[in-house]
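Participant: Structure for the following, please:
(3 chains)
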Amino acid sequence: MTDSTDFRSETFGSFAAKAFANRSFLAGFVITVLIAAMALLSFLWTPYDVTRLIVADRMQAPSAVHLFGTDHFGRDVLSMIMVGARNSIAVALVAVGIGMGIGVPLGCWAAARGGLADEILMRFNDLVFAFPALLSAIMITAIFGPGAVNAIIAIGIFNIPVFARVARAGALSLWPREFILAARAAGKGKALITIEHILPNIANLLLVQGTIQFALGILAEAGLSYLGLGAQPPMPSWGRMLFDAQTRMIVAPYLAIFPGFAIVFTVLGLNLLGDGLSDVLDPKLRRQR
Amino acid sequence: MSLLEIENLSVEIDGTPILRDIDLTIDQGEVMGLVGESGSGKSITALTVMRLLPYAARAAGRVSFNGIDILAASEDQMCALRGDDIGMVFQEPMTALNPVKTIGEQVAEGIRWHTRANRADAEAHARRILDRVGLPESKFPLSCYPHELSGGQRQRVVIAIACALKPKLLIADEPTTALDVVLQKQILELLRDLVDENRMGLLLISHDLAVVTDMADRITVMRHGEVMESGDTARTLSEQVHPYTRQLAQASMHVPVRAKPHGVSGSGEMLLEVKNVSRDYPGRRTSFLRKAEPLRAVDNVSFSMRPGQSTALVGRSGCGKSTLARMILALDKSTAGEIRFTGETLTGKDEAALKPARRNMQVVFQDPYGSFNPRHKVERLVAEPLHLLEKKPNSAERREKVAAALHEVGLSPRDMDKYPHEFSGGQRQRLSIARAIITRPKLVVADEPVSALDVSIRAQILDLFADLNSRLGVAYLFITHDLTVARAITDDVMVMHEGKIVESGRTNDVLDHPQSEAAKALVAAAPDLHRAIARRLQEQG
Amino acid sequence: MTAYLLKRLLIGLATLVVASLVVFGVLEILPGDPARLMLGFEATEDAIQALRVEMGLDQPLLWRYLDWVGGLLTLDFGRSYTYSVPVIDLVSERVVVSLPLALIALTLSTAIAIPVGVFSASRRGRPADTISMGAAQVGVAVPNFWFALLLIYVFAVWLRLVPAGGFPGWSAGAWPALKALMLPAVALALPQAAILARVTRSALLEVLGEDYIRTARAKGMPRRTVLWRHALRNAMIPVLTILGLQFAFLLAGTIIIENVFYLPGLGRLVFQAITQRDLIVVESVVMLLVASVIVVNLLVDLSYALVDPRLRVNR
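Facilitator: Presented below is the predicted three-dimensional model:
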C-alpha cells in the first residue's frame, strides 16, 4: 500500500535542499545559469563589437587579445558566441512556450473528454510525427523566408504534440484516481478538476519535458541556422558560425571548435538539469531500488 | 535439527534497523505462521531466507537451512537452493508472472535450470505440476499467456513454479491477500495439500490472524521488527498471554458498540431507490467482423434504503459492486434503469442538476493514500464538497466547518494546515470521512473503507463509522468483501454475484443462514478467528 | 492480432492521405508562379501561359490534387522544373545514396546502443555504468553536423583515411562508395546511439524492478541470466518506440549531413529543391519521406505485437 505514496508536496526550501544534493541537478543548474548569464551579459557588454568588421584582424588564432580568435571578417569569436547564446535561448524558449501553451491544454482536454476528442488528438499527433521535424522546419522556413521568428514557429509546432502527449498521458493516469473521483463527487466539473487537481500533479512531468524540449530546441535551431534558415546575418548564431567555419577548417579549426562547444555545453547543461529534476521530482524513479 | 533455524537475525537497510534479534524455527512438514501488522518486518524476514534483500540491506545473525549457513553462502550456492530446495510464493499474482512468456515456459524454466532436463521432459514435468495445482491441460495448455488467466489462476501458476521441484521449504508471503475470500480458501487448501503430500515446511506470512490460525501449527507474532511471541497456535491464541497478541486478536474480532440505529424502523420516504439498473461495458471483439458482445457488469439490480439505514453490499471481486456504487454516486452512467435519491431521479441528469443530490451523498474510498491530492493542504481537501453549497462560505466559515468536521472524526483542528503525507493510513481514512460528512450528507457510500488498514486501526475506524451513524443519523452503503466488517457495522446486507443481487435481508440472518449458493460460498470461505481457534482446540482435544 | 494490425494499417493510410493534403495545401500557398520561375524574367506572357497549361496549372485545385496523387501511386512524379528531367529519375538516382546511409547509420546506432545500455544496466551504479552513461549524456548533446565537422577534420584532413566529402557513385565500386558513406553514417549514428543507450538502460532498470523478475530470481536463476531471458524482451517495447522515432530523425538528419559531406542524396535534393522553388520535386520527395516514416511506424507496431502477446488478442 505504501507504494502509492506518490509525489509528495513539500516546501520550496526542502525541495531546493534535495535538488542541490543531486549531482546531476547541481551540474545542470550551474551550467544553465552560466549560459543564461553569458547571454544576459551580452546585452550590456561584450569584449568586442560583433557588428564591426575589422578585416585587418581576420582569422586570428586564439590569443590573449582574442580569447577564442577571430573569424574571416575579423569579428571576435567569444563575443559572437555570447551574442549567439541570446538567439539560441530565445528561439528554443519561445518554441517550448508555444508547445506548452497549445499542447498542454489540448492534452488535458483530450484526457478529460476521452472518446472522439481523444482519438482526434492522437491521430493529429500521428500526423505531425510522420513528418520528420527538421524537414518540415526547412519547408516552413523556406516558404515564409528564413529568420529567427520562422525558426521559432517551425520548432514550436513540433513541440505541440510532444507536450500534448505528455499532458494527456499524465492526466489519463490521474483521472481514475480516487482523489479525482472524490472531487467529482464534490460536484466539480471537468475543467475545474483539471485546473485544481490535474495540472498541479502533472507540472513535474511538464517541467522535465520542458527542459528536454528546450535542449532539443537549441539543437534544432543550430541545425536550421547551419543551413542558413535561422537567424540572418549580421545577427550571430552558433549554427551559422559552424557553417562559416567549415570551409576554413584546415587553416582555422578553432572556428569550428568553440561554437560547437557552446552548443554541446548548453544542451548538456539542460539535459543534466532535466535528469536531475526528474530524479528529484519523481520519487518513483528515485526509489528505483 | 530443524529444517530452518533463524537465530538473532538483525537486518538494516541504509543504516535503519528493520529487524532486531529474530528467532524462528521450522521443522520438516510443519506450517509456521508469521503474523504482524504492516511494517513489522515479516516480508524482510522471508526475503532474508531467500537472500533476495535489496542491495542496501545488511543482515547479521545466523540463518541455517538444512545445515547450510544461508548468510555466508555464495551466490551460486543460493541459486542452487532457490527454486529447488526453497520455493517462494508472492503477494501480487497479477504482476508476479512475466507477461511475454507462456506459463509453460515459466514453469519449465526452473525445472530445466535445476535438473538439466531436456525441453520435452521439463515440459512434461511442468504439465504434471500445473495439473496438480488445478490448471488442467484442456483449459490451460502450456502455451497460455499470463494475461489470459485470472488472478487466482495466476497464483496457481506461481505456486506451480515454487513447488515444481518439491522444495523442502515453501515460503508464502501474503499469498491470498490480493484475492477474494472464495479464492483465498481454494489457494490455502491447495497450499495445505501440497505441504502434506511432500512433507514441506511452510512459512506462511499473513496479516490475517484467522487465516494463520486456520493453517499454522505454530505461530510467530511480529511487531516493529521484533518477535513478540511465538508458540503453538491454539494455545497462543486461546491464552493470549502476550499483551500484543491479545490486542491483535481482539482487534480482529472487534465489533463496535452501536446505539439503536436511527429511523430504520420508521416508515416514510425512501432515501435511495434503485430500480432495474444495469450497466454494460463494451466487450472484447472475438472476430474483426462480428460486433462485440457487451459485458454486463451490473444486471437489472433493484433495492432501496431508508434514511439512517446501514447496508452492506458484499460479493466476490469483480461481481459489480463497485460499478453499482459508482452509478449511485452518479460517477458512472447506467445503461438502463432508474436511480432515485430523496425522491429525485438521478439518472440522466447533468452535473449542474445533480448538485443538490451530491450535497446529500458523499463517498469514502479504500485507499487512504490515493484519496487526496498530495499537493493540497488538509483544509482545502476536507472543504472540497463545500463547493456544492448554494451559498459559498467565506474563509472564516470554511475554516470553522473544516475544524468541526475534523473534530467530529477525532482529529485536531490544528491538522488543517498539514499535507496528507504527514498523516498515517488510519488518520488519512479519518480525513476521508471528515471530507465525506462536511456537508452533513444523508448517505455515505463507503467502498472497502477499511480493507487497506491494519486490524487495530480498522477497529478504530469501524468505531468511528458506528459513532457517526448513531450521532448524525447518516445512512451507509458499505461495499466490502469482508463479512466481519459487514457483521460489525451494518443492519442489512445484500449479496451480489455476477452483476445480480442474489440475496438480501438482515445482516445476521443472511450471514448465519445463507440461502443462495453465492452467499453460502462466501460465508463458508470467510475466515473467522473464533471458529478457527475453536476448531484448533477441538482437534487437539 | 489481425484486428490490431488492421487498425494500425488503416491509421497509417489515413495519416498518409491527410499528409498528402497538408503537403499539397502548403505548397499551394507558396508565393510565386512556378511557370514564371521556370522560364525566367525575360519570358513572354504567352510562353508562361502556354507552360501553365502544359503543367496543368490552369486546372481546378481538386483536379490537380487527384492528378498528383494518381501520379504518385503510379510512380509518375512529373518533371522537375529546374532539372527538366522526370522526378522519378532524380529520386531513384538519389535514393541509392540516402537509403544505404540511413540503414548503415541505424544499424550502427542499434549495434552500439543496445549492448552499451544492457551492459550499463547490469552494472548499475558501478564505475562502468557511470562512465558509459556520462559519455552517452555528452553524446546526446552533440549536434550531428558539428560532430561531422570534427570527424572530417580528424579522419579526412588530418589522417587522410577517407575523403572529406562527395560521393563517387556505386559505379566506382562498392568499397569507395562505402568509404564515402562511412563518416556521414558515424556522424548520424553516434548521437542517436547515445539516446538509444540511455533509453535501453532505463527501460531495463524499470523492468528489473518488476515483480516477475523477483519470481524468476526465486527460481534460482542468476541475475545475469534473468536479465537476458526475462528483462530484455520486456524492455524492448520502449526501445522499439524510440527506434521508430529515430528513423524519422535519421531522415531529417540526412538533410543536414548530406549538406555537410556534399552527398548527392534525397536530403540534399529536397533542400535544394526548396530553395529553388522546384515544387514538384519537393512534393514528391516529402511524400516519399513521410510514407517511409509511416511504413517504419507500422513495422514498429508489428514488432510490438511480436514482443508483447497481450497485443495479439483481438480488441
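
Participant: The host helix or strand of residue C:110: what's the following helix or strand?
Facilitator: Assigned by DSSP states H and E, residue C:110 falls within helix C:87-122. If you walk from helix C:87-122 toward the C-terminus, the next helix or strand you reach (DSSP H and E) is helix C:127-141.

Participant: Can you report how many residues lie near residue A:51?
Facilitator: By the measure other C-beta atoms under 10 Å in any protein chain shown, the count of residues near residue A:51 is 11. Every C-beta, even on glycine, is put in place using the N, C-alpha and C of the backbone.

Participant: Show me what counts as buried in the helix holding residue C:110.
Facilitator: Residues C:87-88, C:90-91, C:94-98, C:100-102, C:104-106, C:108-110, C:112-114, C:116-118, C:120-122 are the ones in helix C:87-122 that count as buried (16 or more other C-beta atoms under 10 Å in any protein chain shown).

Participant: Spell out which residues of the stretch 151-289 of chain A are next to chain B.
Facilitator: A:177-179, A:181-189, A:196-197, A:200-201, A:289 (C-beta under 8 Å from any C-beta of the partner chain).

Participant: Selecting buried members of the residues you listed in ChimeraX, what would you type?
Facilitator: With 16+ other C-beta under 10 Å as the criterion, this ChimeraX line picks the buried residues out of those:
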select /A:177,178,179,181,182,183,184,185,186,187,188,196,197,201
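
Participant: The residues of the stretch 151-289 of chain A next to chain B in helices, which ones?
Facilitator: Within those, residues falling in helices by DSSP state H are A:178-179, A:181-185, A:200-201.

Participant: For those, name the two members farthest from one another.
Facilitator: Greatest spatial distance in those: A:185 and A:200, 19.5 Å, computed using C-beta to C-beta.

Participant: For the chain, which segments count as helices?
Facilitator: Picking chain A for this. A:12-21, A:23-44, A:77-113, A:115-130, A:133-144, A:148-174, A:178-185, A:190-193, A:199-226, A:238-246, A:254-281, A:283-286.

Participant: wrong chain, I was asking about chain C
Facilitator: Under DSSP H, chain C gives helices at C:2-28, C:34-39, C:45-55, C:61-73, C:87-122, C:127-141, C:144-151, C:174-208, C:211-218, C:223-226, C:232-260, C:266-275, C:279-307.

Participant: that older thread, export the helices of chain A to TSV and tack on mean pLDDT and distance to residue B:407?
Facilitator: Output for those, formatted as TSV (pLDDT from 0 to 100; distance: least, C-beta to C-beta, whole Å):
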stretch	mean pLDDT	distance to residue B:407
helix A:12-21	76	30
helix A:23-44	93	43
helix A:77-113	94	36
helix A:115-130	87	44
helix A:133-144	77	58
helix A:148-174	91	31
helix A:178-185	92	21
helix A:190-193	94	28
helix A:199-226	92	28
helix A:238-246	91	63
helix A:254-281	91	35
helix A:283-286	45	33
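
Participant: Around chain A, pick out the residues from the stretch 51-200 of chain B.
Facilitator: Residues of the stretch 51-200 of chain B lying near chain A (C-beta under 8 Å from any C-beta): B:54-55.

Participant: Please identify the residue of the stretch 51-200 of chain B positioned nearest to chain A.
Facilitator: Across the stretch 51-200 of chain B, the shortest distance to chain A (C-beta to the nearest C-beta) belongs to residue B:54, at 5.7 Å.

Participant: does that residue belong to a helix or a strand, and which?
Facilitator: Here residue B:54 is assigned to no helix or strand, by DSSP H and E.

Participant: Count the neighbours of it for me.
Facilitator: So residue B:54, with other C-beta under 10 Å, has 10 neighbours.

Participant: can you give me phi and psi for it?
Facilitator: phi -60, psi 160 (degrees, to the nearest 10).

Participant: can I assume it is in contact with residue B:13?
Facilitator: Yes: under the criterion of C-beta atoms under 8 Å, residue B:54 makes contact with residue B:13 at 6.4 Å.

Participant: how about the residue nearest to the spatial centre of chain A, what does it touch?
Facilitator: Among the residues of chain A, residue A:214 comes closest to the average C-alpha position under C-alpha atoms, centre = their mean, at 0.4 Å. For residue A:214, the contact set (C-beta atoms under 8 Å, 6 or more residues apart in numbering or on different chains) comprises A:92-93, A:96, A:270.

Participant: do you know how far the closest residue in space to residue A:274 that isn't next to it in sequence is from residue A:269?
Facilitator: Once flanking residues are discounted, residue A:274 sits nearest to residue A:211: 3.6 Å by C-beta to C-beta, 6 or more residues apart in numbering or on different chains. The spacing between residue A:211 and residue A:269, counted by C-beta to C-beta, to the nearest Å, is 10 Å.
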